[in-house]
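Student: pasting the sequence and the predicted model now:
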Amino acid sequence: MNPSYELPRDEAGYSFGFLDEYAKREVRRAILKAICIPGYQTPYASREMPMGRGFGTGGLQLTLSLIGRGECLKVIDQGADDSVNAVNLRQFIELTCPGVDTTEHTGEATLIQSRHRIPEQPLNSAQVLVLQVPYPDPLVVVEASEAKRKIMHGEGDYSRLLTKLYEDIVRFAEITISHRYPTRINGHYVLDPSPIPRFDIAKLDHSPALILFGAGREKKIYAVPPHTRAEPLVFDDIPFRAEDFNDAQGQRRACQRCGASDSFLDEFSSANGTATFQCSDSDYCNQRVAAGNGVSCEVTS
Ligand SMILES: [Zn+2]
């Protein structure tokens, strides 16, 4: 083989970004199409990655196709930089992308790969958010055939999905979907926003940052381009309700570590069985503590 055809490789023997240049180019083409048709699930030839499907292979392929030297990357899982999935993905990207910086600070990152959360700190137009997606199609709960789902998406026919939401209201007096809330993009396609909580849906709407979704197993890429409408699917007379974290008295709970009362909270059980709440976004919490917003969590009796 003529050595001039060989791609540049790092010390570990991988070409930059692990994927070959043709694969990256194909992913980028799919990204461009996804941006041109907001919310449309663009098929692409998802590559085998050295990790199991379901561990973020779709998001990883987007990140590896977009990343370049000088980029600053943040990887989070459930809002935290130090959880297993985030650490493994970050290490893999560091190994295969020499020259790329990583950060835990949302404001410093140019590329953010996330699972289950959108950072609390508002994103800016210089940033790209990549979300890992297990199930890309919100219609899969009402229609098993992909061919029929494609027609329904094309015609903007979400009546069966609305019927499903209506059944929820009849049975439970409210829509019970907590994550993956169907969201209409730019007035047409309804997408599955990946398992982010309802709390984060508002962050999709008119986001200055490009938001990309990658489903590796299902071989789909879709996008919410910057400054694009994103509206949760609702009825006129039943407003969309996000998690409010109010206690029984209607008081908004605060993070027991940094005192924030505007963040998405995770619930923990303390040793004596009482519930405590802490920011799910670890960077947001740490930054607030560093800025002197910490509250003492020591309970003295
Ligand atoms: Zn906090």
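Tutor: Looks like it arrived, so ask away.

Student: count residues in the vicinity of S270, would you?
Tutor: S270 has 11 neighbouring residues, counting by other Cβ atoms under 10 Å. All C-beta atoms are positioned from the backbone trio N, CA, C, and that covers glycine.

Student: look up how far the ion lies from it.
Tutor: For S270, the distance to the ion (Cβ to the ion, to the nearest Å) stands at 16 Å.

Student: run the chain-centre distance for the helix with the most length in the chain.
Tutor: Criterion DSSP state H: the longest helix present in the chain is helix 21-36. Helix 21-36 has its average C-alpha position 19 Å from the chain's average C-alpha position, going by Cα atoms, centre = their mean, to the nearest Å.

Student: can you tell me the element I151 falls in?
Tutor: Secondary structure from DSSP states H and E places I151 in helix 146-154.

Student: tell me the angle the following helix or strand past that helix makes with helix 146-154.
Tutor: Of the helices and strands lying after helix 146-154 in sequence (DSSP H and E), the nearest is helix 159-172. Going by axes from the mean of the first three to the mean of the last three Cα atoms, to 10 degrees, helix 159-172 is angled at 90 degrees with respect to helix 146-154.

Student: got the buried residues for the helix holding I151?
Tutor: Burial within helix 146-154, assessed by neighbour count using 16 or more other Cβ atoms under 10 Å, is assigned to R149, M152, H153.

Student: again with stretch 32-52
Tutor: Of the residues in stretch 32-52, those with enough neighbours to count as buried (16+ other Cβ under 10 Å) are 33-35, 37-42, 44, 46-47, 49.

Student: ok, now how distant is P98 from F18?
Tutor: 12 Å (Cβ to Cβ, to the nearest Å).

Student: rewinding a little: CA atoms of the helix holding I151 as PDB?
Tutor: Written as PDB, here are the backbone C-alpha positions of helix 146-154 (Å, rounded to 0.1, in the frame of the first residue of the first chain):
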ATOM      1  CA  GLU A 146     -41.200   2.800  10.900                       C
ATOM      2  CA  ALA A 147     -42.500   3.200   7.400                       C
ATOM      3  CA  LYS A 148     -45.900   4.400   8.800                       C
ATOM      4  CA  ARG A 149     -44.200   6.600  11.400                       C
ATOM      5  CA  LYS A 150     -42.200   8.300   8.600                       C
ATOM      6  CA  ILE A 151     -45.500   9.100   6.800                       C
ATOM      7  CA  MET A 152     -47.000  10.400  10.100                       C
ATOM      8  CA  HIS A 153     -44.000  12.700  10.700                       C
ATOM      9  CA  GLY A 154     -44.100  13.900   7.100                       C
END
